[in-house]
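In: this is a predicted model, with the sequence first.
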Amino acid sequence: DAQESRGLGDVYKRQVYTALHEQDFSTNINTGIYNATELHQVFNDAVTLLETKISEFSRYSPSLLEGDQKQSAFIAAPIFSGDKLLGVIAIQLKSDDHYYLTKDYTGIKNTGEVVISKLDKEDALLIAPIRRDSDAAFNQRYKIGSDIALPIQWSVLGKNGSGISVGYEDTEIFAAWRYIPEIKWGVVVKIETQEVFSSIQRLTDVLLITGLVITILVLLFALYISRKLTSPLLELVDAIKRATRGELSQTISVDSNDELGDLTHSFNLMLDARKKNESILAQSNSKLSLIIESTHAGIWEWDLENDETILNERWANMIGYTLAELQPVTVDLWTTLSHPDDISIATKAIKDLWRKKTERFSCELRLKHKKGHWVWILDIGMVVDWDERGKPKRLMGIHLDISESKKYEEDLLIAKEQAEQGAKSKSEF
């Protein structure tokens with residue numbers, strides 16, 4: 001198959017996954033022994049430009065056996081989570097994956113052929129076998145500016161055209177040439193003019209039909225290469241982007257049994273697992289919301305690292321405010337609203353929690369209502385996140401309005417005192 005998944009690389013340029021597990025696995029692409037390869041270059045291009053990039057063909061030593069002259073190219077695309085770059089996924093292309101395209105001579109007679117080449121310094125280097133030489137790939141080259149193989153030279157220089165010219169055999173040919181910028185290939189479809197013009201009577205028809213066929217072949221070939229090499233990868237990258245936006249109902253069809261197919265299958269399994277986890281989380285959140293609603297609890301959260309405090313609307317309503325009226329919400333707001341006699345009690349409870357003397361704190365305190373009276377609050381909280389040094393990073397807790405309970409306790413105390421006073425008076429009488 002024309003596609004082999006090299007795997008994933010993170011933004012620190014370390015290869016963290018590969019389907020082939022060759023010698024480059026878990027190496028640093030930027031500073032390791034393979035930092036001069038096309039994989040390194042296309043990785044940097046994808047990370048720098050944040051778009052899909054395709055490298056040129058060159059020898060890649062981790063994929064070569066002893067004496068092997070095959071070359072490889074790589075397609076790399078960045079992977080994001082929202083706006084955050086997670087890493088790069090790359091697909092390896094072997095140099096012989098496209099050879100069969102140049103060995104199909106259907107419709108181009110006895111001297112016709114497809115020639116694929118690339119620019120290599122000052123030469124046009126053939127990267128696929130030709131009809132007269134099955135070993136021409138990466139061995140046969142033509143100097144830019146020479147008098148032969150002109151369509152090949154023009155194609156690797158980025159030119160497109162068709163007409164009569166001189167072929168690599170130093171013979172007159174009719175050719176069409178195109179440059180494929182995505183993979184930096186020059187493609188030439190050519191037939192010797194002697195064969196094309198063998199029948200003078202049909203000269204006009206042959207020119208028109210042959211030119212049309214050659215142009216269509218080149219266009220179809222370019223379209224095929226573009227879709228074959230990039231479509232599966234782009235589909236996977238697009239699916240990953242949609243998944244990061246929360247679109248978990250999608251499933252990517254697996255059309256191949258190669259490494260890209262395995263990667264796609266693994267991605268589908270990951271989506272299924274995430275959907276199940278999010279369903280469980282949604283149920284838990286729903287239960288938590290019911291508990292909060294039924295207890296009329298005010299929720300607070302204190303981020304010590306960023307010095308941020310978050311409250312819900314019920315927290316503010318308990319003391320007669322809307323949440324908007326209490327903005328900006330800071331720790332100083334709690335101090336301002338608290339009864340002076342209660343601040344030291346609450347502060348001690350929190351410090352005991354920070355020192356891990358208790359797993360959670362619970363204290364009763366009074367907060368000043370917007371209308372001026374005091375509201376009794378049961379404040380319960382705990383540390384939900386510690387840093388690596390054992391210091392608290394984030395606290396969460398709830399406020400419960402216990403004013404009615406306190407009023408009931410006071411009434412009972414007054415009634416008890418009155419009863420005791422009445423009994424004392426009776427005995428004295």
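Out: In hand now; what should we look at? Residues are numbered from 1 along each chain as shown.
In: neighbours of residue 149, just the number please.
Out: Residue 149 sits with 27 neighbouring residues when counted by other C-beta atoms under 10 Å. Bear in mind the C-beta positions are built from the backbone N, C-alpha and C, glycine included.
In: how close does it get to residue 341?
Out: Residue 149 sits at a distance of 96 Å from residue 341 (criterion: C-beta to C-beta, to the nearest Å).
In: likewise residue 23?
Out: With C-beta to C-beta as the criterion, residue 23 and residue 341 are 72 Å apart.
In: more crowded one of those two?
Out: residue 23 (12 against 9).
In: how close does the residue nearest to that one when sequence neighbours are not counted sit to residue 93?
Out: Nearest residue to residue 23, sequence neighbours excluded (C-beta to C-beta, 6 or more residues apart in numbering): residue 62, at 4.5 Å. The gap separating residue 62 from residue 93 is 15 Å, by C-beta to C-beta.
In: the more surrounded of the two?
Out: Neighbour count, other C-beta under 10 Å: between residue 62 and residue 93, residue 93 has more, with 23 against 18.
In: which SS state does the more buried one fall under?
Out: Under the three-state scheme (DSSP: H, G, I helix; E, B strand; the rest coil), residue 93 adopts strand.
In: so it bridges to which residues?
Out: Per DSSP bridges, the residues bridged to residue 93 are residue 73.
In: surely it touches residue 75?
Out: Yes - under the criterion of C-beta atoms under 8 Å, residue 93 makes contact with residue 75 at 7.0 Å.
In: which residue ranges of the stretch 1-150 of the chain form strands?
Out: Assigned by DSSP state E, counting those that start in this stretch, the strands in the stretch 1-150 of the chain fall at 4-10, 15-17, 53-54, 72-81, 84-94, 113-120, 123-126, 141-143.
In: for residue 172, which of these is the nearest?
Out: strand 113-120 (15.2 Å; C-beta to C-beta).
In: what lines up beside the closest one in the sheet?
Out: strand 123-126 (antiparallel), strand 185-192 (antiparallel).
In: how about a markdown table for these, with distance to residue 82 and mean neighbour count added?
Out: Shown next, in a markdown table, are the strands paired with strand 113-120 (distance: least, C-beta to C-beta, whole Å; neighbours: other C-beta atoms under 10 Å):
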| stretch | distance to residue 82 | mean neighbour count |
| --- | --- | --- |
| strand 123-126 | 42 | 23 |
| strand 185-192 | 35 | 25 |
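In: mind checking these for the one nearest to residue 399?
Out: Smallest distance to residue 399 across the strands paired with strand 113-120 (C-beta to C-beta): 68.6 Å, for strand 185-192.
In: next, the angle from the closest one to strand 72-81.
Out: Orientation check (axes from the mean of the first three to the mean of the last three C-alpha atoms, to 10 degrees): strand 185-192 against strand 72-81 gives 140 degrees.
In: tell me the helix or strand right after strand 185-192.
Out: Going down the chain from strand 185-192, the next helix or strand is helix 193-196, by DSSP states H and E.
In: for stretch 110-119, which outside residues touch it?
Out: 56-57, 98, 101-102, 104-105, 108, 124-128, 130-131, 144, 151-152, 155-157, 168, 184-192, 194-195, 217, 221 (C-beta atoms under 8 Å, 6 or more residues apart in numbering).
In: now with 6 Å?
Out: 102, 124-128, 130-131, 152, 156, 184-189, 191-192, 195 (C-beta atoms under 6 Å, 6 or more residues apart in numbering).
In: to what extent is the nearest residue to residue 309 once chain neighbours are set aside buried, counted in neighbours?
Out: Closest residue to residue 309 apart from its sequence neighbours, by C-beta to C-beta, 6+ apart: residue 329 at 4.8 Å. Residue 329 has 16 neighbouring residues, counting by other C-beta under 10 Å.
In: about what we covered before: dump the strands of the stretch 1-150 of the chain to TSV, plus mean pLDDT.
Out: Converted to TSV, those look like this (pLDDT from 0 to 100):
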stretch	mean pLDDT
strand 4-10	46
strand 15-17	59
strand 53-54	84
strand 72-81	86
strand 84-94	84
strand 113-120	90
strand 123-126	92
strand 141-143	94
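In: and those as a markdown table, adding distance to residue 373?
Out: Compiled in a markdown table, the strands of the stretch 1-150 of the chain are given as follows (distance: least, C-beta to C-beta, whole Å):
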| stretch | distance to residue 373 |
| --- | --- |
| strand 4-10 | 58 |
| strand 15-17 | 61 |
| strand 53-54 | 68 |
| strand 72-81 | 50 |
| strand 84-94 | 49 |
| strand 113-120 | 84 |
| strand 123-126 | 89 |
| strand 141-143 | 93 |
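In: can you list the low-confidence ranges for the stretch 101-250 of the chain?
Out: 199-207, 225-234, 236-237, 243-250 (pLDDT under 70).
In: that one: helices as residue ranges?
Out: Applying DSSP state H, counting those that start in this stretch to the stretch 101-250 of the chain gives helices spanning 150-156, 193-196, 203-244.
In: what does the stretch 251-400 of the chain give?
Out: Under DSSP H, counting those that start in this stretch, the stretch 251-400 of the chain gives helices at 259-295, 313-317, 331-337, 340-354.
In: contacts for the strand with the most length in the chain, please.
Out: Taking DSSP state E as the criterion, the chain has its longest strand at strand 374-386. If you take C-beta under 6 Å, 6+ apart as the criterion, strand 374-386 is touched by 319, 360-367, 369, 392-400, 402-403, 406.
In: in ChimeraX, how would I select the buried members of the residues you listed?
Out: The buried subset of the contacts of strand 374-386, as determined by 16 or more other C-beta atoms under 10 Å, is captured in ChimeraX by this line:
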select :319,361,363,365,366,367,392,394,395,396,397,398,399,400,406
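In: near the residue nearest to residue 360 when sequence neighbours are not counted, how many residues? Count them for me, please.
Out: Setting aside the residues directly before and after it, residue 360 is nearest to residue 382 in space (C-beta to C-beta, 6+ apart), at 3.9 Å. Other residues within reach of residue 382, judged by other C-beta under 10 Å, total 14.
In: out of the strands of the stretch 1-150 of the chain, which is closest to residue 176?
Out: For the strands of the stretch 1-150 of the chain, proximity to residue 176 was assessed by C-beta to C-beta; strand 113-120 is nearest, at 10.4 Å.
In: CA-only coordinates of that closest one in CSV, if you can.
Out: Output in CSV follows, covering the C-alpha atoms of strand 113-120 (Å, rounded to 0.1, in the frame of the first residue of the first chain):
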residue,chain,number,x,y,z
GLU,A,113,5.4,6.2,-21.1
VAL,A,114,4.9,8.1,-17.9
VAL,A,115,8.0,9.7,-16.4
ILE,A,116,8.1,10.8,-12.7
SER,A,117,11.0,12.9,-11.5
LYS,A,118,12.0,15.5,-8.9
LEU,A,119,14.5,18.4,-8.6
ASP,A,120,17.7,17.2,-6.9
